[in-house]
Structure formats: C-alpha cells, structure tokens
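Engineer: coords please:
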Amino acid sequence: MARIRVLVIAEAANPEWVSVPLVGWSLAQALRARFDVHLVTQIRNAAAIRAVGLEEGLDFTAIDSERVARPLYRVSTFLRGGSGGGFTIGVVFQVPAYYYFEHLVWKKFRTRIQDGEFDVVHRVTPLTPTFPSVLAKKCARADVPFVWGPINGGVPWPREFDAVRRKEREWLTYVRGAYKLLPAYRATRTYAAAILTGSRDTLAQMPAIHHSKCIYLPENGIWPERFSEQAEAPAGMPLRVAFVGRLVPLKGVDMLLEAAAPLVKEG
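Structural biologist: This next block holds a predicted model:
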C-alpha cells in the first residue's frame, strides 16, 4: 500500500528552539517516520530546518507572514514588558498573525488540496485551543480530513494563587473565554475529522457535542534520541535535584524549595 500523504501545518516547528517550536518539530518528524509528510511552517524556522537536511520545496514549505507577524510581536513584547510574563497578552497578538499565516497557506496549497494530492491535513501547532483554523472548513469542502492537535493549555489558575497570576501579568486570563467569539471557532470544531486533546482540561473545554471525535493523546514527553544518557548506578543519598525552567512565579520554585527544606536538613 502507498503510504498516507500528510500535509502537516506547524507554524512553529524548529529543531533548534524549545517549548512549542520543538514540540511542533518533534511531532512533524515522528509523523515523517511513518507517512509521506510535507511540512508547512513559518519562514523564521526555514534556516534551522534546512540545516538538518530537509529540502525546501520538496520536504517543507516556509510561509513568509512576517509583514503581519513582526509588528504584532513587537507590540506584544512591549505590552508584556519583555518576554518573561504576560503570556496571554502575547497569545492575543499572535491570533491575527496566525489568521494571516493560514490565509497564505490556503493560497499556496488550495489547488493541491482540492486535487487530492494529500490524504490528510494535520495542524500540529499552535498547541493552544484558542487559535481557530480557517482550514478545517475548507478541507472538509475539498473532502480531505482535517486533523487538529494535540492541543493543550487552558488549565485554570487556582483561586489561592491570584497574587501570582497578577505577578505574571496574566490579566487577560480573567476573560480567556472570549476566544470562543473568534471567527472560525465553531467551524474548527465542527469540520475537524479528529481532535487530539493533550490533557483532560483541554478535553473539558471542548463542547460535548464534539467529544465523539476527540482522542486523548498527552503530547508531553522526551525524544529518547535527543536525551539518551543513562544513569550508571542507582541513585544514592542525598538525592540531587535540578530545576529546569524559567525562574518566574508561575513555575512555583518557591514551593519546591519550601517542600525540600526539611529533607535537605535531614540529609
């Protein structure tokens, strides 16, 4: 049998970066190992993808949406006071840039999708469920299944940590539900053939009418080929612990230190 032909949409996919871009790249590569994949990503990732041996035009396509993405990024960075907090503010400004990105994707791939060159269109990133896709309905009309996910995010802030939320400048989380008013919000969920949800919280955010097409698929993990070092012997005492992440209130490092303090004193 011929291998399934998949058009992978991953606006963020970069083998040299971390967080969402690395997730997008890793998922695209995992799909490439099993299917015939053509990756569509944003132009900022092109150099890194070429550096690992993929050929532009053959293996992937880079979409130049910088005329909209760049100025919006600058404004959001200013409003966030840098890149350390205010994540939700950054997301809000990414939404119009992403609509423009998908507009360019459809403009470039419309004929190929409608002609049946791909068996599946799979949008991998953005990971957040707050970004609708204008491609879902268009693919359905072309009789090509549109797969969405794994999507993740939206875990609610505990009420006891409201002060931390304000330190993170996450004021827009109080009105996060407004994303349901965005264009194509309903169409994305209606016309997707399958929705991969990366957490139970994300699944709970999905309207019940669409749960039958949802597949629970936690996407967090490590790529063994990238992190292959093995411990040479069982861990000894005292245990040595390393924290990897941003030193911001959201990560709760203060709670880790408080919890560890009595254990450290006891050796």
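Engineer: from now on I want contacts and neighbour counts done on CA atoms only, so please keep to that.
Structural biologist: Will do.
Engineer: low pLDDT regions in the chain?
Structural biologist: Along the chain, the model assigns pLDDT under 70 to residues 1-2, 82-87, 89-90, 171-172, 219.
Engineer: quick one, helices of the stretch 151-267 of the chain?
Structural biologist: 162-167, 185-191, 200-205, 253-265 (DSSP state H, counting those that start in this stretch).
Engineer: cool, the stretch 1-150 of the chain as well?
Structural biologist: For the stretch 1-150 of the chain, the helices defined by DSSP H, counting those that start in this stretch occupy 20-32, 46-51, 66-80, 87-114, 135-141.
Engineer: and the ones you listed as JSON lines, adding distance to Leu7?
Structural biologist: What follows is those, written out as JSON lines (distance: least, C-alpha to C-alpha, whole Å):
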{"stretch": "helix 20-32", "distance to Leu7": "10"}
{"stretch": "helix 46-51", "distance to Leu7": "16"}
{"stretch": "helix 66-80", "distance to Leu7": "22"}
{"stretch": "helix 87-114", "distance to Leu7": "9"}
{"stretch": "helix 135-141", "distance to Leu7": "11"}
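Engineer: of all those, which one is nearest Leu256?
Structural biologist: Closest to Leu256 of the helices of the stretch 1-150 of the chain, according to C-alpha to C-alpha: helix 87-114, at 22.5 Å.
Engineer: what angle separates the closest one from helix 66-80?
Structural biologist: Interaxial angle, helix 87-114 versus helix 66-80 (axes from the mean of the first three to the mean of the last three C-alpha atoms, to 10 degrees): 160 degrees.
Engineer: which helices and strands does helix 87-114 pack with?
Structural biologist: Packing contacts for helix 87-114, counted by 3 or more C-alpha pairs under 8 Å, 6 or more residues apart in numbering; DSSP states H and E, involve strand 60-63, helix 66-80, helix 135-141.
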